[in-house]
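Trainee: Structure for the following, please:
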Amino acid sequence: MSTAYRERNDLELWQLAKVSDDSLAFAELHRRYSARLYALALRKTGNGGASEDLVQDLFVHLWLQRADINIEKAFNIYLFSALKNRIISYLRKQIVHHTISLSDVDLETLSSQSANLVQEWLSLKEVQEIYSRELGNLPEKSKHVFEMSRSGVPNREIAEMLGLSEKTVEFHISKCLRVLRARFGYVVNVLVWILANAI
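Mentor: Numbering: from 1, shown residues only. So this is what the prediction gives:
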């Protein structure tokens, strides 16, 4: 690729792609960000194939809709925000397909909703209510340690703040995850992330 493209900033490249249909400018943006976007998607989904699809779909959407997409500030912020939304959408679908069966929906709901709406019954709010209820049933200390851990506080700091050993902190976290996995299955880790990032 020409060094002329590599020397341009992101917004200049985007304008070339958007206004002049410059595929080489767009390819340079892809070169700059695809690996980082993939790494983020993989970290959040744990699925390599799905991560590739999410990133590819994002770039295909950008190229096909470039005339209608206005990016006036940081291009990278737009990209990562758009990917985050796609990841959340993907993970919500995983939760629906792996944790709630139709038998969990009451008969009134089943009789009043179409099959398609029943499939979409599990909204983020409802997931959060179930999650909060399950977490609320845990011993207070375990719940407190778990919530601190999920808010980004390292185990060592939690141990120091609460006067516990690191092994005790790890025990409380493992205990909470066991209980939540019993309710939500393998998607509990992505569920915690979704709820932490929900608006």
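Trainee: Scan this structure for its longest helix.
Mentor: helix 75-99 (DSSP state H).
Trainee: mind checking how far that helix is from the chain centre?
Mentor: Its chain's C-alpha centre and that of helix 75-99 lie 5 Å apart, by CA atoms, centre = their mean, to the nearest Å.
Trainee: just checking, what packs against that helix?
Mentor: Here helix 75-99 touches helix 10-20, helix 23-45, helix 48-64, helix 124-136, helix 166-184, helix 188-197, going by 3 or more CB pairs under 8 Å, 6 or more residues apart in numbering; DSSP states H and E. For glycine as for every other residue, the C-beta is placed from the backbone atoms N, C-alpha and C.
Trainee: tell me the mean pLDDT for the last one?
Mentor: It stands for helix 188-197. Helix 188-197 shows a mean pLDDT of 54.
Trainee: same thing with stretch 159-179?
Mentor: Averaging pLDDT along stretch 159-179 gives 89.
Trainee: Show residues contacting that stretch.
Mentor: For stretch 159-179, contacts defined as CB atoms under 8 Å, 6 or more residues apart in numbering pick out 134-135, 137-138, 141-146, 148-149, 153, 155-156, 158, 188.
Trainee: and those, which are buried?
Mentor: Among those, the ones that count as buried by 16 or more other CB atoms under 10 Å are E134, L135, L138, S142, K143, V145, F146, M148, S149, N155, I158, V188.
Trainee: Tell me what angle the helix or strand hosting the fifth one forms with helix 166-184.
Mentor: Under DSSP states H and E, the secondary-structure element containing K143 is helix 140-150. Here the directions of helix 140-150 and helix 166-184 differ by 90 degrees (axes from the mean of the first three to the mean of the last three CA atoms, to 10 degrees).
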